[in-house]
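Novice: Would you be able to build a 3D model of this:
(one chain, ligands or ions: 1)
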Amino acid sequence: MTQFNEQADVDVVVVGTGFVGIYATHYLRDQLGLAVRTFEAGSDVGGTWFWNRYPGARCDIESAHYSYSFSEELQSEWKWSERYAAQPEILAYLNHVADKFDIRRSVQFNTRITSMVWDDAASVWHVGTDAGETTTARFIVSGAGNLSIPKKPEFPGIDNFKGQLISTHRWPHEPVDLAGKRVGIIGTGASGIQVIQTIASEVGHLTVFQRTPNFACPLRNRPVSEAEHEERVKNYPDIREGALHNFMGIVSDEPGESAKAAGEEERKAAYDRMYYDVGGFHILVGTYGDLLFDKESNDTLAEYLREQIAKRVEDPSVAAMLTPHDHPFGTKRAPMETNYFEVYNRDNVTLVDVRANPIQEVTEKGVRVGDTEYEFDVLISAMGFNFSTGALLEMGVVGRNGLTLNEKWADGPETYLGIASHGFPNFFMITGPQSHVALTNNPLAIEDHVNFASETIRYLVDNDIDTIEPTAESETEWVETVRTLADATLFPLAKSFFMGANIPGKPISPLMYLGGSPTYRALCYEIAADNYRGFALQ
Ligand code: N01
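Specialist: Here you go, the predicted structure:
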């Protein structure tokens, strides 16, 4: 392994060993021959899939797509057992990848990065860890995670609770015995819904605290047969090619142009097919192209989904509580479910609306809402994450002239292409804020960014260039582009983590590029080919 900057301990520090860190470590170390040190806060690889091991955790993007495409050998040797893989299988897959490419020898586990300070004189980053060590590196490639910093259940009295308090994002490694227990859960996003539908039949009583009802859609999971697997392996080149041309990075039907322009019968048939047969996000990407852009069109699907809830939930007053009216479909990330709504037909499940009456406090015994105290043995927090910016802002990043990333982003993130920020040279934020990741099949978006970052580093090395960072002008333009694109959609109509609205005090601004991944990817290639237009290289 060569190391080309004598002033630094290593060429690149990689943050994390989720999908990003594993691939980045492999690419930079094995393809480019650079000296790489990777830091991981957990005790092993896996990132999101290492931490989020709650009951029912599963990916709602098909396993054919939710996997790396960079190695043909890897994709043909790995057999997914289900159409949508569960957490243990995805974790096993990431372990397999780490073994195959001998990733662990470059990783320092159980180590959290606490500071990253740019040294202008030496053109290196000083990376400090909670182990008290400092490493210098010329480049940072961060895969710290978009959904790794949780929203904490900061209710008054939370520390007084005498039962077991568990957060979905740090579910214990040892089994949690919920059988016959009184369990409460706060949050009905993708995580909460997966937990609820999984544990309802096991617990003694389940109380669900719901603030915003969600447009959950059926997943339609099933096993992958041997024949299907073989077919998939044979067709992988086409599958990957198809995903690269899809807005969301999966393969779906070619959508019709406009839902509102379609006849009622045709529309119902399209929605029925996706809801009852196909499942997953196909109801969004494979029906009509204007669902996220035109409120009237969106209403047709929202109304359809409301009708399905009414059909599936027996008690009309409970069905009404579960029915969303305050945001267009898809503008809060739609959870995917399996018999979720039927859970509320069970005698041992109670739904509590905490929109009108918020949770007042957590007591020794449970949760108080209004005059009612709900008593629990176990209380589960599934309250979401500080999406996109959270982890980057917790790493103590200090750029040129002592400017911290937190100061720079005080009014919302400012990036170019969602991968770099002016004043923070040689720092690649893989799938960072204002990139295409939020609405793209993540491994594909991650490969886009790791490829871009690695090839950029290769270019700098080959051309003896010390630093790269976006110009202030290109960054301002990108932030404006992201905002303009978001304003052309329905996303600003919802209070969602996509807009930063789920964390009190977080600036409201679009955290995702909404031009679609094919456009985004083409733009990145074009910019790189045009001598990194919009970046300053020195
Ligand atoms: O988090 P969320 P999540 N009082 O933010 C509620 C990925 N993921 O972990 O909507 C009461 O969606 C909050 O209510 P409201 C995926 O990208 C993927 O479930 O803010 N309730 C909401 O109901 C997903 O989108 C998979 O009004 C409070 C919930 O907590 C992302 O992770 C599986 C509250 C948080 O929902 C995040 O999903 C799971 C309060 N004070 C997750 N504060 C896959 O399948 C918050 N809530 C790949």
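Novice: what's the distance between Gly384 and the ligand?
Specialist: The gap separating Gly384 from the ligand is 2 Å, by Cβ to the nearest ligand atom, to the nearest Å. For the C-beta atoms, the positions are set from N, CA and C on the backbone; glycine is no exception.
Novice: again with Thr372
Specialist: Distance from Thr372 to the ligand, by Cβ to the nearest ligand atom: 15 Å.
Novice: and that residue, how many residues sit next to it?
Specialist: 11 (other Cβ atoms under 10 Å).
Novice: Spell out which residues of this structure are next to the ligand.
Specialist: Neighbours of the ligand within the chain, by Cβ under 6 Å from any ligand atom: 58-60, 147, 151, 186-192, 194, 209, 211-212, 333, 354, 359, 382-385, 497, 502.
Novice: Can you give the contact residues for stretch 356-372?
Specialist: Outside stretch 356-372, the residues within contact range by Cβ atoms under 8 Å, 6 or more residues apart in numbering are 153, 155-158, 160-163, 182, 184, 186, 207, 209, 211, 352, 354, 373-376, 379.
Novice: what about that stretch, how long is it end to end?
Specialist: From its first residue to its last, stretch 356-372 covers 14 Å (Cα to Cα, to the nearest Å).
Novice: same deal with stretch 145-155?
Specialist: Note: stretch 145-155 ends 25 Å apart using Cα to Cα.
Novice: quick one: contacts of it?
Specialist: The contact list for stretch 145-155 (Cβ under 8 Å, 6+ apart) reads 16, 18, 47-48, 51, 165, 167, 169-170, 186, 359-362, 367, 381, 383-388, 390-391, 394, 431, 437-438, 502-503.
Novice: Which of those fall in helices?
Specialist: Among the contacts of stretch 145-155, the ones falling in helices (DSSP state H) are 48, 51.
Novice: Quick one: buried ones out of the contacts of stretch 145-155?
Specialist: Applying 16 or more other Cβ atoms under 10 Å to these, the neighbour count classes 16, 18, 47-48, 51, 165, 167, 169, 186, 359-360, 362, 367, 381, 383-388, 390-391, 394, 431, 437-438, 502-503 as buried.
Novice: Assign Val352 to helix, strand or coil.
Specialist: strand (DSSP: H, G, I helix; E, B strand; the rest coil).
Novice: Make residue 1 into 21 and carry on from there
Specialist: Done: numbering now begins at 21, and the last item shifts to Val372.
Novice: need the contact list for it.
Specialist: So Val372 contacts 227-230, 389, 394 (Cβ under 8 Å, 6+ apart).
Novice: got it, and Ile523?
Specialist: Ile523 touches 171, 406, 410, 517, counting by Cβ under 8 Å, 6+ apart.
Novice: could you dump these to a markdown table with pLDDT?
Specialist: As requested, those are exported to a markdown table (pLDDT from 0 to 100):
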| residue | pLDDT |
| --- | --- |
| Lys171 | 95 |
| Asn406 | 98 |
| Gly410 | 97 |
| Phe517 | 97 |
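Novice: Report the residue spans of this structure with pLDDT below the cut-off.
Specialist: Scanning the chain for pLDDT under 70 picks out the ranges 21-25.
Novice: longest strand of the protein?
Specialist: In terms of residue count, the longest strand belonging to the chain (DSSP state E) is strand 154-162.
Novice: helices or strands up against it?
Specialist: Counting contacts by 3 or more Cβ pairs under 8 Å, 6 or more residues apart in numbering; DSSP states H and E, strand 154-162 packs against strand 30-35, helix 39-46, strand 144-149, strand 447-449, helix 462-482.
Novice: Dump those into TSV; add distance to Ala430 and mean neighbour count as well.
Specialist: Output for the helices and strands packed on strand 154-162, formatted as TSV (distance: least, Cβ to Cβ, whole Å; neighbours: other Cβ atoms under 10 Å):
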stretch	distance to Ala430	mean neighbour count
strand 30-35	22	27
helix 39-46	26	29
strand 144-149	22	20
strand 447-449	17	26
helix 462-482	25	21
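Novice: Same list, those, but as a markdown table with distance to Gly283 please.
Specialist: As requested, the helices and strands packed on strand 154-162 are arranged in a markdown table below (distance: least, Cβ to Cβ, whole Å):
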| stretch | distance to Gly283 |
| --- | --- |
| strand 30-35 | 51 |
| helix 39-46 | 42 |
| strand 144-149 | 59 |
| strand 447-449 | 45 |
| helix 462-482 | 34 |
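Novice: With secondary structure as added columns, please give the contacts of Val372 in a markdown table.
Specialist: Listed next are these as a markdown table, based on three-state DSSP:
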| residue | secondary structure |
| --- | --- |
| Thr227 | strand |
| Val228 | strand |
| Phe229 | strand |
| Gln230 | strand |
| Val389 | strand |
| Tyr394 | strand |
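Novice: Tell me which residue in the stretch 21-170 of the chain sits closest to the ligand.
Specialist: Going by Cβ to the nearest ligand atom, the ligand is nearest to Asp80 of the stretch 21-170 of the chain, at 3.7 Å.
Novice: What backbone torsions are found at the closest residue in space to that residue that isn't next to it in sequence?
Specialist: Spatial nearest neighbour of Asp80, chain neighbours left out: Met356 (3.8 Å); criterion: Cβ to Cβ, 6 or more residues apart in numbering. Note on Met356: its backbone torsions stand at phi -110, psi 140 [degrees, to the nearest 10].
Novice: Isn't Met356 up against Phe301?
Specialist: Yes: contact criterion Cβ atoms under 8 Å: Met356 and Phe301 qualify, at 7.4 Å.
Novice: Residues in contact with both of those two, list them for me.
Specialist: 80, 237.
Novice: Tell me which residue of the stretch 71-220 of the chain lies closest to the ligand.
Specialist: In the stretch 71-220 of the chain, the residue that lies nearest the ligand is Gly209 (2.2 Å; Cβ to the nearest ligand atom).
Novice: residue contacts, that residue?
Specialist: 234, 352-353, 355, 402, 404.
Novice: The same query, at a cut-off of 10 Å, please.
Specialist: 188, 231-232, 234, 236, 352-355, 402-405, 516-517, 522 (Cβ atoms under 10 Å, 6 or more residues apart in numbering).
Novice: how long is stretch 102-113 end to end?
Specialist: Using Cα to Cα, the two ends of stretch 102-113 sit 13 Å apart.
Novice: mind listing what's buried in it?
Specialist: Buried residues in stretch 102-113, counted by 16+ other Cβ under 10 Å: 103-107, 109-111, 113.
Novice: circling back: if we go by neighbour counts, what in the longest strand of the chain is buried?
Specialist: Neighbour counts over strand 154-162 (16+ other Cβ under 10 Å) mark 155-162 as buried.
Novice: next one: stretch 367-375
Specialist: Quick answer for stretch 367-375 (16+ other Cβ under 10 Å): 369, 371-374.
Novice: now these in a markdown table, with distance to Thr435?
Specialist: Converted to a markdown table, the buried residues of stretch 367-375 look like this (distance: Cβ to Cβ, whole Å):
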| residue | distance to Thr435 |
| --- | --- |
| Val369 | 43 |
| Leu371 | 40 |
| Val372 | 40 |
| Asp373 | 38 |
| Val374 | 35 |
